[in-house]
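A.B. asks: sequence first, then the predicted structure:
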Amino acid sequence: VQDVIIYRLALSYVQHDDLGTTGTAENSYYLTDPSTNNGSDNQSRFSLLGAMRKEIPRVNLDVRCTMTSGIECTIKNARADVVAIMIKLTLLRSPPKTIGQQKDYRILPTLFSDNYLTLLPGETSHVHISMEDIELSKQNYLWKCSPNGFVQSFGNDSIDLMLSVDGWNVQESTVQIFCDTPPSVTS
């Protein structure tokens, strides 16, 4: 679809502290040419995004997460020709093996350094998930490293710590979170 433009605004900054900390804040905007919609209102201009969704393929992202003091995730759009739009991350625990347990497997509250990402072709983003704000102790979970290298909670059931990845044109997937260093991936 030629009538949709992705516009990225990146603001680099230096904090005025003793450390000289730097950072970048980014936002992505999806714009359409108002002259192509024959005077209709702004809402209908975004119907072009819906048309675009039908034409472009779903993007499979390469996602790797490890846990040390927090969770560090690397999300890569390996496609050379498709933008991954509005990537949503959700921290989950695996369903318990005991019947009759709750059905909401999200771990809340979860604080992400970034979420609802847009990745250009070939672009990689790094996201930090803070473990300090997750009240896992109230949920009776003690996360440890399993023999296979995944983060699990041991007790009556072994429960994995996972990350769900979804998005506007992103193929939904769930990845397990590794301890310290993920095992090497062989092709």
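C.D. replies: Thanks, I have the structure now.

A.B. asks: from now on I want contacts and neighbour counts done on CA atoms only, so please keep to that.
C.D. replies: Noted.

A.B. asks: so what's the closest residue to Gly167 other than its chain neighbours up against?
C.D. replies: Sequence neighbours aside, Ile87 is the residue nearest to Gly167 in space, at 4.2 Å (criterion: Cα to Cα, 6 or more residues apart in numbering). Shown in contact with Ile87 (Cα atoms under 8 Å, 6 or more residues apart in numbering): Asn115, Tyr116, Leu117, Thr118, Val165, Asp166, Gly167, Trp168, Val170.

A.B. asks: repeat that for Ala84.
C.D. replies: Ala84 sits in contact with Val59, Asn77, Thr118, Leu119, Leu120, Pro121, Gly167, Trp168, Asn169, Val170, where contact means Cα under 8 Å, 6+ apart.

A.B. asks: dump those into TSV; add distance to Phe150, secondary structure and neighbour count as well.
C.D. replies: As requested, the contacts of Ala84 are exported to TSV (distance: Cα to Cα, whole Å; DSSP: H, G, I helix; E, B strand; the rest coil; neighbours: other Cα atoms under 10 Å):
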residue	distance to Phe150	secondary structure	neighbour count
Val59	25	strand	20
Asn77	23	coil	23
Thr118	28	strand	24
Leu119	27	strand	22
Leu120	29	coil	19
Pro121	29	coil	15
Gly167	25	coil	18
Trp168	28	coil	18
Asn169	28	coil	20
Val170	24	strand	20
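
A.B. asks: nearest to Asp180 among these?
C.D. replies: Of all the contacts of Ala84, Asn77 has the smallest distance to Asp180: 22.9 Å, by Cα to Cα.

A.B. asks: the strands in the protein, which residues?
C.D. replies: 4-14, 22-32, 62-67, 71-76, 84-93, 111-112, 117-119, 124-130, 143-145, 151-153, 159-166, 173-176, 178-179 (DSSP state E).

A.B. asks: the fourth one pairs with which strands?
C.D. replies: The reference is to strand 71-76. Here strand 71-76 has these sheet partners by DSSP bridges: strand 62-67 (antiparallel), strand 124-130 (antiparallel).

A.B. asks: and of those strands, who's closest to Glu26?
C.D. replies: When these are compared by Cα to Cα, strand 124-130 sits nearest Glu26, at 11.3 Å.

A.B. asks: got the CA positions of the closest one in PDB?
C.D. replies: Only the C-alpha atoms of strand 124-130 are listed here, as PDB (Å, rounded to 0.1, in the frame of the first residue of the first chain):
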ATOM      1  CA  THR A 124      16.600  -4.700  16.600                       C
ATOM      2  CA  SER A 125      15.200  -3.300  19.900                       C
ATOM      3  CA  HIS A 126      16.300  -4.100  23.500                       C
ATOM      4  CA  VAL A 127      13.600  -4.100  26.300                       C
ATOM      5  CA  HIS A 128      14.200  -4.300  30.000                       C
ATOM      6  CA  ILE A 129      11.500  -5.800  32.300                       C
ATOM      7  CA  SER A 130      11.900  -4.700  35.900                       C
END
